[in-house]
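[1] here is the input, now give the coordinates:
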Amino acid sequence: MFEREHTVRKSRIVCEVNASSKSRDVLEAAVSYCRERDVDLVVVWVVNPIELQPATGAGMPGTWGLVGVHATMVEQLRDEGVVVASSLRIGDPNSVLEEERERCGAEWIFTATDVPVRRCPACGALDDPRGVHFCPTQHRSDARAA
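    Next comes the predicted model:
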């Protein structure tokens with residue numbers, strides 16, 4: 001009697017984000033992957049319960065600010081035209097990401113290990129995302145040349 005429309009569910013990927021400086025690179029790689037392959041993005045911020053243990057009785061600094069940071073990031077992605085779902089979860093990161101992948105049927109999980117570490121070509125030190133780098137190799141060679 002009634003015909004149901006058959007809707008094809010788009011593929012998805014899961015991307016782990018956190019407060020590390022490398023998180024932005026992981027997110028950019030995941031967004032690029034989504035645009036190239038026309039898949040949806042599921043952003044997951046996982047807080048390890050160990051980080052919530054109060055060392056001085058005050059709890060993890062900025063814990064309650066996570067919700068605002070996470071929401072702002074998702075809003076920016078949506079403004080850029082990325083189809084994104086998000087969650088903020090507490091638990092062991094590996095277990096939580098795998099549960100999330102199974103729950104949403106994602107084909108891939110992007111983590112910090114999927115993105116190469118940026119390094120200074122002159123000295124090999126980790127490249128600072130703020131663009132601040134005092135390269136001892138470069139400065140030593142400049143001093144010798146003078």
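[2] poorly predicted segments of the protein, please.
    In the predicted model of the chain, residues 1-9, 52-68, 116-122, 124-146 satisfy pLDDT under 70.
[3] got the residue ranges for the helices in it?
    23-37, 66-79, 93-104, 136-145 (DSSP state H).
[4] TSV please, covering those and showing mean neighbour count and distance to Ile50.
    C-betas here are computed from N, CA, C, even on glycine. Below are those laid out as TSV (neighbours: other C-beta atoms under 10 Å; distance: least, C-beta to C-beta, whole Å):
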stretch	mean neighbour count	distance to Ile50
helix 23-37	16	18
helix 66-79	13	15
helix 93-104	15	11
helix 136-145	10	35
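[5] dump these to a markdown table, plus distance to Cys15.
    As requested, the helices of the chain are exported to a markdown table (distance: least, C-beta to C-beta, whole Å):
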| stretch | distance to Cys15 |
| --- | --- |
| helix 23-37 | 4 |
| helix 66-79 | 10 |
| helix 93-104 | 9 |
| helix 136-145 | 34 |
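[6] closest to Trp45 out of those?
    helix 66-79 (5.2 Å; C-beta to C-beta).
[7] out of the helices of the chain, which comes closest to Pro49?
    Taking C-beta to C-beta as the criterion, helix 93-104 is the member of these that comes nearest to Pro49, at 10.5 Å.
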